[in-house]
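*Asks:* Got a predicted model here, sequence first, then my questions.
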Amino acid sequence: MFARRLIGIRISHDTLLKILRRVPVPSEQPDIIRIDDFAFKKGHRYGTIICNAQTHRPIELFCSRNPEELIEWMDRLIEKPVRASSDRFPGYQETLQKKGVVVVSDRFHLIHNLWELLVTICRRVLPSRLPIHKSQSVVEDGNSSTTDFPSIDSNRQILVSSVQSMHRKGMSLNAIARSLHLNWRTVKKYNELNYHPSSLRPKRSHSIDRYMDYLREYVMNHLTLKEINRLLRGLGYKGSYGAIRYRARDIRRGLLLENPLFLSRKDACRLLWQWPKKNEKDIADVSDLLCEYPDLSIPFCFIQGFREAIRVRDSDELLRLIMNPKVTAHPRLARFVRRLKKDLPVILAACQYEENNGYVEGNVNRLKMIKRLMYGRANFDLLRIRVLCRNPDPEY
């Protein structure tokens, strides 16, 4: 209706759609192409998009990932592409290689596969929480003494001194907040040079103070707040539930500071991935991880060597890593290396050529936006026309 008013003619919407379907789609003969898939319904139905490497524009759209459609499209071309960049989907690679096209694996997907490999290995090797040795614990620092402020709550004294000590050892404010389960604003306040715990107002007396011994015992026995509330009510406590929650939180923080700190498995993966380190504490943590869990040593060296070979485009070093007997015999890496050997020419080509699929992912995002704007009421042929028929770039 809006189009008819804008044009100023009497025409039905069915006729307008027929005219749109007769719009000629531009045909190109690119030397280098990029190919990727996109989801109509994630996990169920996928399509294929092909882009020109020179213009970075989509030149063809398929409604499936069937290799036969790619073969038919290439047969219609007068001149075949020389190279093609794609992810590790085997259907695309095998079809392009049969047509004599040099296939280049996308480096982003290779690095992403390495990260998934590291996460999988850490899940199988590392526990969910890794205790930090007391020699590394910042709580035992000499500055964490609580004798300087005898009139202030001991847990608050420990928190303030621990935050300042951890920051002096090189930890960021966010890392301290995660370790001590505090808000980062609180950590920032505790870390200020002019901040002094003696300026804090002492806690006022409360009816729960008479039950603190019972509360501490219940918290140390890992009872839930609802169970603690029920037991304290049975002992005669008539105060609020919020007081129980806040005092239990303070007790848990005190226990956390008294006991060794823990490193999560997620943080361990981050430490192993973000190598090399400049922080001495992180270097010590990685060294302790590799010494305590020797099954991580070979995967760690393989992943870091693989990333460095991709970064500097060293195909010879990459080949030596993949063919290393220690790597191929390692139980955590055997399956991943077997998959690499199947696509060895494609992966080595990633170090020899500069092709990547970055702008293809951008065209996929644009396609998804167009698909959502059409609200699913148009067929694939109209979607294809709208994606492929673009206005020329303005000339400046």
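*Replies:* Now that the structure is in, tell me what you want to look at. All values derive from a computational prediction rather than experimental measurement.
*Asks:* Tell me if residue 95 really is in a helix.
*Replies:* Yes - per DSSP: H, G, I helix; E, B strand; the rest coil, residue 95 lies within a helix segment.
*Asks:* show me where pLDDT drops low in the stretch 251-396 of the chain?
*Replies:* The model of the stretch 251-396 of the chain has pLDDT under 70 over residues 255-261, 375-377, 391-396.
*Asks:* does residue 128 really touch residue 263, like I thought?
*Replies:* No - checked against C-beta atoms under 8 Å, the pair residue 128 and residue 263 is beyond contact range at 10.4 Å. (Each C-beta comes from the backbone N, C-alpha and C, glycine too.)
*Asks:* Between these two, point out the one with more neighbours.
*Replies:* residue 263 (19 against 9; other C-beta atoms under 10 Å).
*Asks:* right, and the secondary structure at the residue lying closest to that one once chain neighbours are set aside would be what?
*Replies:* Leaving aside its chain neighbours, residue 263 sits nearest to residue 130 (4.5 Å; criterion: C-beta to C-beta, 6 or more residues apart in numbering). The three-state label given to residue 130 by three-state DSSP is strand.
*Asks:* mind checking how far residue 130 is from residue 21?
*Replies:* 61 Å (C-beta to C-beta, to the nearest Å).
*Asks:* One more: residue 114?
*Replies:* Distance from residue 114 to residue 21, by C-beta to C-beta: 45 Å.
*Asks:* between those two, who's got more neighbours?
*Replies:* Each of residue 114 and residue 21 has its neighbours counted (other C-beta under 10 Å); residue 114 has more, 19 against 11.
*Asks:* Show the model's pLDDT score for that one.
*Replies:* At residue 114, the model reports a pLDDT of 94.
*Asks:* wait, it sits on residue 300?
*Replies:* No - between residue 114 and residue 300 there is no contact under C-beta under 8 Å: 11.3 Å.
*Asks:* I'd assumed residue 38 was in a helix, is it?
*Replies:* No - judged by three-state DSSP, residue 38 forms no part of a helix; its state is strand.
*Asks:* ok, the nearest residue to it once chain neighbours are set aside - contacts?
*Replies:* Spatially, and ignoring its direct neighbours in sequence, residue 38 is nearest to residue 364 (4.7 Å; C-beta to C-beta, 6+ apart). The contact partners of residue 364, by C-beta atoms under 8 Å, 6 or more residues apart in numbering, come to 36, 38, 49.
*Asks:* With adjacent residues omitted, what lies nearest to the first one?
*Replies:* Closest residue in space to residue 36, ignoring its immediate chain neighbours: residue 360 at 4.6 Å, by C-beta to C-beta, 6+ apart.
*Asks:* Run the chain-centre distance for whatever helix or strand that neighbour lives in.
*Replies:* Secondary structure assignment for residue 360, by DSSP states H and E: helix 358-373. When C-alpha coordinates are averaged (C-alpha atoms, centre = their mean, to the nearest Å), helix 358-373 and its chain have centres 21 Å apart.
*Asks:* Likewise for stretch 313-329?
*Replies:* So, by C-alpha atoms, centre = their mean, the centroid of stretch 313-329 is 26 Å from its chain's centroid.
*Asks:* Okay, buried residues for that stretch please.
*Replies:* 317, 318, 321, 322, 324, 327 (16 or more other C-beta atoms under 10 Å).
*Asks:* ditto for stretch 223-241
*Replies:* Across stretch 223-241, burial judged by 16+ other C-beta under 10 Å covers 223, 228, 229, 231, 232, 237.
*Asks:* Closest one of those residues to residue 10?
*Replies:* Closest approach to residue 10 among those (C-beta to C-beta): residue 229, at 74.5 Å.
*Asks:* For the stretch 151-300 of the chain, just list every one of the helices.
*Replies:* 154-168, 173-180, 184-190, 212-220, 225-234, 241-258, 265-273, 280-292, 297-312 (DSSP state H, counting those that start in this stretch).
*Asks:* cool, the stretch 1-150 of the chain as well?
*Replies:* 2-7, 13-21, 67-76, 90-98, 107-125.
*Asks:* any chance of those in a markdown table, plus distance to residue 181?
*Replies:* Conversion of the helices of the stretch 1-150 of the chain to a markdown table gives the following (distance: least, C-beta to C-beta, whole Å):
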| stretch | distance to residue 181 |
| --- | --- |
| helix 2-7 | 55 |
| helix 13-21 | 58 |
| helix 67-76 | 52 |
| helix 90-98 | 46 |
| helix 107-125 | 23 |
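*Asks:* Quick one, which of these gets closest to residue 276.
*Replies:* Here helix 107-125 is closest among the helices of the stretch 1-150 of the chain (C-beta to C-beta), at 15.6 Å.
*Asks:* For the closest one, what is the distance to the chain centroid?
*Replies:* That offset, for helix 107-125, works out to 11 Å (C-alpha atoms, centre = their mean).
*Asks:* Dump the C-alpha coordinates for it into CSV.
*Replies:* Listed next in CSV are the C-alpha coordinates belonging to helix 107-125 (Å, rounded to 0.1, in the frame of the first residue of the first chain):
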residue,chain,number,x,y,z
ARG,A,107,41.9,-18.5,10.8
PHE,A,108,39.2,-17.2,13.1
HIS,A,109,37.5,-20.6,13.1
LEU,A,110,40.9,-22.4,13.7
ILE,A,111,41.6,-20.3,16.8
HIS,A,112,38.0,-20.8,18.0
ASN,A,113,38.4,-24.5,17.6
LEU,A,114,41.7,-24.3,19.7
TRP,A,115,39.8,-22.5,22.5
GLU,A,116,37.1,-25.1,22.5
LEU,A,117,39.8,-27.8,22.7
LEU,A,118,41.4,-26.1,25.7
VAL,A,119,38.1,-25.8,27.5
THR,A,120,37.3,-29.5,26.9
ILE,A,121,40.7,-30.6,28.2
CYS,A,122,40.4,-28.4,31.3
ARG,A,123,37.0,-29.8,32.1
ARG,A,124,38.4,-33.3,32.0
VAL,A,125,41.7,-32.7,33.8
